[in-house]
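>>> Have a look at this prediction, sequence included:
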Amino acid sequence: MQWTRLLVMTLAFLLMVSATTWAQVRAPQLKWKEGGCYSSWCETGWYSSPAVADLDKDGIPEVIASAYSVVVLDGRNGSVRWRVDAGKDRTSPAGHSHRTWPGIWVVDVDNDNALEIITAHGGGYVSVYNQNGYFESGWPKRPTNSELRGLFVSDLDRDGTGEIIVTGAVSSKINTWVFEHNGALRSGWPQVSGDTGYAYGVFNDNAWVADLDGSGNAEVVVPSDVHYITAFHAAGTPVRANSVYGNKYWGQVGVWENLAVELRGWGQCNGVRSESYRSNFAHGPSVIADVDNNGTKEVVVTGNMYNCAVGHPPGKYTSLFIFNADRSRFNSGQWNWSQAPVNTGAPLSESYSVIENCQPNPVVADIDNNGVAEILFSGYDGRVHAFWLDKTEHGSWPFSVYKAAEGFYRFASEPVVADLDNDGCSEVIFTSWPQNTSSGLRLGKLHVVDCNGQELFSQNLPGPKSASVHINGALAAPTIADIDGDADYELVINTMRGGFVAYDLPGSAGARILWKSGRNRGPELMSPDHRIPAWSRLNPAVPLLLLF
């Protein structure tokens, strides 16, 4: 009996080891390129991550993407199914199109059992299309002439239909609009109005929406081009801050590096660090997530720390903060974020003429499968950072895409996260892009890094289609999804000058997807109580042992 039990346990152990050995991460393989391009050139791609969905329910997924025009591509080969100019549909005459900054959303926004495509663009256009590229009734809308850089879809009030939240790169504190699924402006919006908070233009896809306070309805958190972060209930009323800040709303409490100065409510801006370092959130996105897995949500946000005696820019470093629902700084059990980490690295450059903007979009995912989240973001220092809740970077993190020997700067996109081989150590996947050049050829890369910050693979992205263009890379996060109906996942990437490209991820069938696209867009985010997926911490073979 003992020998039988020992034999069974030995076989189970060998199966566990074999599962870990066999399921090794393999290099991405280029599937197709130049999706959405014209005969001799491609539209310039910005920060918009593609979406993937089976729009026509034929079993073959489509890739829905936008650089300037909105295109629907066949996932198998990248061929164009249909195309419309931004802010127009298939009944409109061709004409000037506008840049697309935020990622594409594809959800059933009106609860009619059919998917809709939601987009936002330069020129202030926000649109809802049916699966064939025609406007849904009541659309498009144009709440501002300024560029819309933020888009989020959520069922704010749990009535079964989605609300569409857009933010703009405006020159006033009125920067956030909420529309009902039928195009009607929601009561209580736009915001910010009155004296409930300080705000200005939103120059990245900064807003996040979720049930922050456990009320059942969602809150909207919007960092903007000031050192304040606004937060609103579904009806547009401002969210109260903790009483330690006085009788204030979220948007009336400034974010300073020094907690004592933040509690006081003002700094002297005299050049002394404790009185002068504060964060600007022009490009500072938020994420609402339960970082410590205790049943309550927090707000994670990145900003650009600067010296207010000098002005902004220049920035000192990318600042990472975690706030509780009442705006106080996160401090729970062994995790104390009363003081934010400060050694994330000085910028290589913040000059748009040298290299495009680096967007520090935070990614909240449990990359080491220990039950609590890590926070990843890319910075102006040319590195991808990964912070554990103990406020340190473990293993080989941060990971640098900038190599001094190359002789030029390189920045990284927002990452996506997937445990491709189900070994409990998730892979972190992102792209990079190079500094501008007027001669030669510089290419960005596709990077795959393990949960410890060790590089697994790095390969050049395809070159630009036009011979007169000298760089290509990708500013936007990849999207990981099944785009061809087979067992494995693929990556779809919006490149700067080479159109949309796709890579196969061999051997990724059954992979656990923790953060799937830019700002992690998807139907599950429509619900106000959505949460970051909590995956089993066991190796898939371990349950075999537990049976005996």
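Sure, I can see it.
>>> Give me the neighbour count for the residue nearest to His470 when sequence neighbours are not counted.
What sits nearest to His470 in space, not counting adjacent residues and going by Cβ to Cβ, 6 or more residues apart in numbering, is Thr437, at 5.1 Å. Bear in mind the C-beta positions are built from the backbone N, C-alpha and C, glycine included. By other Cβ atoms under 10 Å, 11 other residues sit near Thr437.
>>> Wait, Thr437 touches Gly407, no?
No: counting by Cβ atoms under 8 Å, Thr437 does not reach Gly407; the two are 10.2 Å apart.
>>> re earlier: for the residue nearest to His470, report the pLDDT, please.
Listed pLDDT for Thr437 reads 95.
>>> Would you mind measuring from it to Ala53?
Counting by Cβ to Cβ, to the nearest Å, the gap from Thr437 to Ala53 is 37 Å.
>>> and Arg90, how far is that from Arg81?
Arg90 sits 11 Å away from Arg81, going by Cβ to Cβ.
>>> Could you check which of these two is surrounded by more residues?
Neighbour count, other Cβ under 10 Å: between Arg90 and Arg81, Arg81 has more, with 16 against 12.
>>> Can you verify that one is assigned to a helix?
No: counting by DSSP: H, G, I helix; E, B strand; the rest coil, Arg81 is not part of a helix but strand.
>>> Which parts of the protein are helices?
2-22, 259-264, 273-276, 542-546 (DSSP state H).
>>> follow-up on the earlier one: enumerate every residue touching the residue nearest to His470.
Shown in contact with Thr437 (Cβ atoms under 8 Å, 6 or more residues apart in numbering): Phe408, His470, Ile471.
>>> most surrounded residue in those residues?
Neighbour tally across the contacts of Thr437 (other Cβ under 10 Å): the maximum, 23 neighbours, falls on Ile471.
>>> residues touching that residue, list them.
Trp433, Pro434, Asn436, Thr437, Leu441, Arg442, Leu443, Gly444, Pro464, Met496, Arg497.
>>> Can you tell me which of those are buried?
Trp433, Pro434, Asn436, Arg442, Leu443, Gly444, Pro464, Met496, Arg497 (16 or more other Cβ atoms under 10 Å).
>>> Look at the nearest residue to Arg327 once chain neighbours are set aside and say how many residues are nearby.
Once flanking residues are discounted, Arg327 sits nearest to Ala241: 3.9 Å by Cβ to Cβ, 6+ apart. Ala241 has 21 neighbours, counted by other Cβ under 10 Å.
>>> from the buried ones among the contacts of Ile471, which is closest to Ala511?
Nearest to Ala511 among these is Gly444, at 23.9 Å by Cβ to Cβ.
>>> ok, the closest one touching Ala412?
No: in this structure, Gly444 is not within contact of Ala412 by Cβ under 8 Å, at 9.1 Å.
>>> what residues do the two have in common as contacts?
Common contacts of Gly444 and Ala412 (Cβ under 8 Å, 6+ apart): Thr431, Ser432.
>>> how about the spatially most central residue of the chain, what does it touch?
Nearest to the mean C-alpha position of the chain, by Cα atoms, centre = their mean, lies Arg519 at 2.3 Å. Counting by Cβ under 8 Å, 6+ apart, Arg519 touches Ser49, Pro102, Gly103, Phe152, Asp205, Trp208, Pro285, Asn361, Glu414, Ala477.
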